[in-house]
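# need a structure here:
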Amino acid sequence: MKKAILSLSMMILGFAIVSAQTETPVDNPNAPEISFEKLVHDYGDVNKGDDGTCEFKFTNTGKEPLILSNVRSSCGCTVPSWPREPILPGKSSSIKVKYNTTRIGIINKNVTVNSNGKNSTVVLTIKGNVLNTPDTNVPVQDENKEGTPKVQ
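Below you'll find the predicted structure:
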């Protein structure tokens, strides 16, 4: 009898959890909304070690305060920083992204922004190409008569 009651209780609890997750949210016409000036930043070609900082400006175009709950990057070479305080309706702010340009090659990284806005998840993209520019003070191996490296 105890097993039957426990099983029935578990089924009811499971049904309650599933039905709670399938409810559609009520649209709030006053909800905050995050509007970015751009969703993609293209560094173009940059040299190894150059400044990899860019900025994504946004405005709260809704009617309630906007709160950014989390901003995360697709890898550790990209570090975002964002405002922790609520952004009031009509006000603007920005998310700064720093890419580690010591990594040579193509840049194609995403930064996911989570907020309490109508568009609760927005994906920002940075792209470009980090070039391996040779350091002019490093000895280059060149076969000369003495067999010693020649500095360019």
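# who touches residue 84 in this structure?
With C-beta atoms under 8 Å, 6 or more residues apart in numbering as the criterion, the residues that contact residue 84 are residue 68. Every C-beta, even on glycine, is put in place using the N, C-alpha and C of the backbone.
# Work out for me the element it sits within.
In this structure, residue 84 is located outside every helix and strand according to DSSP states H and E.
# Distance of it relative to residue 78?
When C-beta to C-beta, to the nearest Å is the yardstick, residue 84 and residue 78 sit 19 Å from each other.
# repeat for residue 67
Using C-beta to C-beta, we find residue 67 at a distance of 22 Å from residue 78.
# same deal with residue 1?
Distance, residue 1 to residue 78, using C-beta to C-beta: 58 Å.
# between those two, who's got more neighbours?
Each of residue 1 and residue 78 had its neighbours counted (other C-beta atoms under 10 Å), and the higher figure belongs to residue 78 (18 against 5).
# who's in contact with the residue lying closest to the more buried one once chain neighbours are set aside?
The shortest distance from residue 78 to any residue other than its chain neighbours is 4.6 Å, reached at residue 109 (C-beta to C-beta, 6 or more residues apart in numbering). Contacts were defined as C-beta under 8 Å, 6+ apart; by that measure residue 109 touches 73-75, 77-78, 99, 125-127.
# And residue 99, by the same measure?
Going by C-beta under 8 Å, 6+ apart, residue 99 touches 43, 52-54, 77-78, 107, 109, 126.
# Which of the helices and strands in the chain ranks last by mean pLDDT?
Of the helices and strands making up the chain, the lowest-confidence element is strand 139-140, at a mean of 48, by mean pLDDT, DSSP states H and E.
# before we move on, back to that, need the contacts of residue 109 in JSON lines (columns: secondary structure).
Listed next are those as JSON lines, based on DSSP: H, G, I helix; E, B strand; the rest coil:
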{"residue": "73", "secondary structure": "strand"}
{"residue": "74", "secondary structure": "coil"}
{"residue": "75", "secondary structure": "coil"}
{"residue": "77", "secondary structure": "coil"}
{"residue": "78", "secondary structure": "strand"}
{"residue": "99", "secondary structure": "strand"}
{"residue": "125", "secondary structure": "strand"}
{"residue": "126", "secondary structure": "strand"}
{"residue": "127", "secondary structure": "strand"}
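# Kindly indicate which of those residues lies nearest residue 113.
For these, the closest approach to residue 113 (C-beta to C-beta) belongs to residue 73, at 10.6 Å.
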